[in-house]
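Enquirer: Quick one: sequence and predicted model below, then my questions.
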Amino acid sequence: MVSQEQRRRQLAREKFLRQQQRRTEARRKSRIRNSVIASVLGVVLVGSLALYTTGTLKQDDDKTNANAEVTPSASAPSKAPDPCDKPAEGKVKSETWKKEPAVAIDKSAKYTLKLDTTCGAIDVALKASAAPHTVNSFDFLAKKGYFDHSKCHRLTTNGIYVLQCGDPTGTGTGGPGYTIPDENLKDKSLKDNIYPAGTVAMANTGQKDSGGSQFFLVYQDSQLPPSYTPFGTVSDAGMKVLKKIADAGESTGAGDGAPNATVVIDKATVTKS
């Protein structure tokens, strides 16, 4: 017989997967709708549509759809002031790879990930021994400049409390071309399906071993099924940066959208010590 706690956990996971499916479907409908509008209105609206279909605004469109489910008549909220600086000059890279890089890190050594963002530096102590494939992948991608100049495209402020980054396309669909295995899902920090504040974990598609380059930083305790590889912990100074980003809110008012803060990773560096 399924216990009440097991049923609650199952429902939480099913809800999270449904949200991911709605975002994927919303993106598909958005592309179809934009194509139809463009053919009807012609060149007059070409400039506007080009802006609309950029990564961040596609994310906004996804969340507008989610917002309509909750409050159909709600208008778009006004944005809070942007607390972050302008991004450094440079362009994101579009390089991908066919397979996961061979594990080359020293599993017994200490590694730190530093995200120099427009909102401040976020230092992350990495768990090399517990999540070697994940840490090795981040070391590889950081050395390639993969994360540099990329936006953190998603902020959730309701139910779960995370900032999601690691997609150079800024749409929530990008990746390095390969996937890495799930790791460290029984980490001692995960208790009662809670990812505690300060956790850095891998995003995935909802399927086993489907992590790529996207990751999320937890700024407040969040209830999630233990399906997302926890591979690092944010420093106290980094948590202050995350709080500043979270306090600026997200763009839809529904609790899940592009952050109002201009969060761009100017440079990502992995250091061995």
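Expert: Perfect, thanks for sending it. Note that this is a predicted model, so its numbers are computed, not measured. Residues are numbered from 1 along each chain as shown.
Enquirer: and the closest residue to residue 211 other than its chain neighbours, how many neighbours?
Expert: When the adjacent residues along the chain are set aside, residue 211 lies closest to residue 202, with 4.0 Å between them (CB to CB, 6 or more residues apart in numbering). C-beta coordinates here come from the backbone N, C-alpha and C atoms, glycine included. Here the neighbour count serves as a burial measure; for residue 202 (other CB atoms under 10 Å) it reads 25.
Enquirer: Hmm, residue 202 is touching residue 210, no?
Expert: No - proximity of residue 202 to residue 210 does not meet the contact threshold set by CB atoms under 8 Å, at 9.2 Å.
Enquirer: Spit out the contact partners of the residue nearest to residue 211.
Expert: Residue 202 makes contact with 134, 180, 182, 211, 214-215, 228-229, 231 under the criterion CB atoms under 8 Å, 6 or more residues apart in numbering.
Enquirer: among these, which are in strands?
Expert: 215, 231 (DSSP state E).
Enquirer: rewinding a little: who's the residue nearest to residue 211 bridged to?
Expert: Taking DSSP bridges, one finds residue 215 as the beta-bridge partners of residue 202.
Enquirer: all helices in the stretch 101-250 of the chain, in order from the N-terminus.
Expert: Remark: helices of the stretch 101-250 of the chain, listed N- to C-terminal, are 132-143, 236-247; assignment by DSSP state H, counting those that start in this stretch.
Enquirer: quick one on the thing from earlier: in JSON lines: the contacts of residue 202, plus distance to residue 244 and pLDDT.
Expert: Supplementary listing: those in JSON lines, determined by distance: CB to CB, whole Å; pLDDT from 0 to 100:
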{"residue": "134", "distance to residue 244": "26", "pLDDT": "98"}
{"residue": "180", "distance to residue 244": "30", "pLDDT": "98"}
{"residue": "182", "distance to residue 244": "31", "pLDDT": "98"}
{"residue": "211", "distance to residue 244": "27", "pLDDT": "98"}
{"residue": "214", "distance to residue 244": "22", "pLDDT": "98"}
{"residue": "215", "distance to residue 244": "19", "pLDDT": "98"}
{"residue": "228", "distance to residue 244": "24", "pLDDT": "98"}
{"residue": "229", "distance to residue 244": "26", "pLDDT": "98"}
{"residue": "231", "distance to residue 244": "23", "pLDDT": "98"}
